[in-house]
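Asker: what follows is a predicted structure for the sequence shown.
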Amino acid sequence: MVRNESVANIFMFLCFGTAILSLGVHWRMKITPAQFEQPANAAGRQVERDQRGLTKTAGAAPSTAPVQPTQPSPIERISLPKKLAKVNAATELLPKMRSVLPGQRQNSQAFSSQTSSETEVVVNLSDRRTYVYKGGEVIASYPVAIGKEGWETPTGSFRVKGMQHYPIWQHPITGKVFPSGADSPLGERWIGFWSDGRNQIGFHGTPDTHLLGAAISHGCLRMRNDDVRLLYDQVKVGTLVSVRE
């Protein structure tokens, strides 16, 4: 009987202790949010006062939220890329300056290559032939008749001045005019490169092909009609003509 009463007392003590503990925990949970809310509200009011430009309170707790960068003004947003562009241009200036000289040498080489690729006509009076050069290589060669004594073909460097299909020829001494045609002394094409204001000298065709290779003309370079047609298509006004002994 005494043992049962002891067990009942212990059970009642445990129940009473559990109730007291529950009340303590409940009271602690109710007090804790209020403690946390007060500093948070104080911090919020502090941040709000700072944003309004009011005097900061000494000892305020620092905020852990990321600070948003100040939005730049329109002028800063416009000028900043310009500044960066200037910096980029300055940093790229030296490489560009270093490439000027190589670029100039490359342009010079290209110009030389372009010059050498132009068509040039070379007349060699000693072997009575005309050579057509392109890119420094002979692409064609034609036999010619050259000026006779007293009417020598002039030597030097010239440029093609005029070109004509089926030219009409006037004899330089008699003044007789020969119409164009298959039997014309000037043949089917005329390529002039020299003039003294009155007389002209150039390449032209001839019906007298048996005279090619001779010094027989009045200074012009006579060619077969087939050959002068080919030469006509290979040159243009301004093409270099070099006549050599």
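Answerer: Perfect, thanks for sending it.
Asker: am I right that Asp233 is in a helix?
Answerer: Yes - assessed by DSSP: H, G, I helix; E, B strand; the rest coil, Asp233 belongs to a helix.
Asker: all strands for this structure, in order.
Answerer: Counting by DSSP state E, the chain has these strands, from start to end: 119-124, 129-134, 137-143, 146-147, 156-159, 162-165, 169-170, 177-178, 189-195, 200-205, 215-217, 221-223, 240-244.
Asker: which elements pack onto the second one?
Answerer: In terms of contacts (3 or more Cβ pairs under 8 Å, 6 or more residues apart in numbering; DSSP states H and E), strand 129-134 is packed against strand 119-124, strand 137-143, helix 225-234. C-beta coordinates here come from the backbone N, C-alpha and C atoms, glycine included.
Asker: CSV please, covering the ones you listed and showing mean pLDDT.
Answerer: Below are the helices and strands packed on strand 129-134 laid out as CSV (pLDDT from 0 to 100):
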stretch, mean pLDDT
strand 119-124, 98
strand 137-143, 97
helix 225-234, 97
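Asker: single out the most deeply packed of the ones you listed.
Answerer: Most buried of the helices and strands packed on strand 129-134, by mean neighbour count (mean count of other Cβ atoms under 10 Å): strand 119-124, with a mean of 19.
Asker: low-confidence ranges, this structure, go.
Answerer: Applying pLDDT under 70 to the chain flags the ranges 1-7, 25-116.
Asker: now the helices for it?
Answerer: Per DSSP state H, the chain carries helices over the ranges 2-51, 74-98, 100-117, 225-234.
Asker: that older thread, mean neighbour count, the strands of the chain: which tops it?
Answerer: Across the strands of the chain, averaging neighbours per residue (mean count of other Cβ under 10 Å) puts strand 221-223 on top, at a mean of 27.
Asker: what about the strands of the chain, which gets the closest to Leu230?
Answerer: Distance to Leu230, taken as Cβ to Cβ, is lowest for strand 137-143 among the strands of the chain, at 6.7 Å.
Asker: sheet-wise, list the partners of that closest one with their directions.
Answerer: If you go by DSSP bridges, strand 137-143 pairs up with strand 129-134 (antiparallel).
Asker: redo the strands of the chain as a markdown table? Include distance to Ile10.
Answerer: Formatted as a markdown table, the strands of the chain follow (distance: least, Cβ to Cβ, whole Å):
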| stretch | distance to Ile10 |
| --- | --- |
| strand 119-124 | 127 |
| strand 129-134 | 125 |
| strand 137-143 | 125 |
| strand 146-147 | 148 |
| strand 156-159 | 133 |
| strand 162-165 | 135 |
| strand 169-170 | 150 |
| strand 177-178 | 154 |
| strand 189-195 | 138 |
| strand 200-205 | 140 |
| strand 215-217 | 150 |
| strand 221-223 | 142 |
| strand 240-244 | 130 |
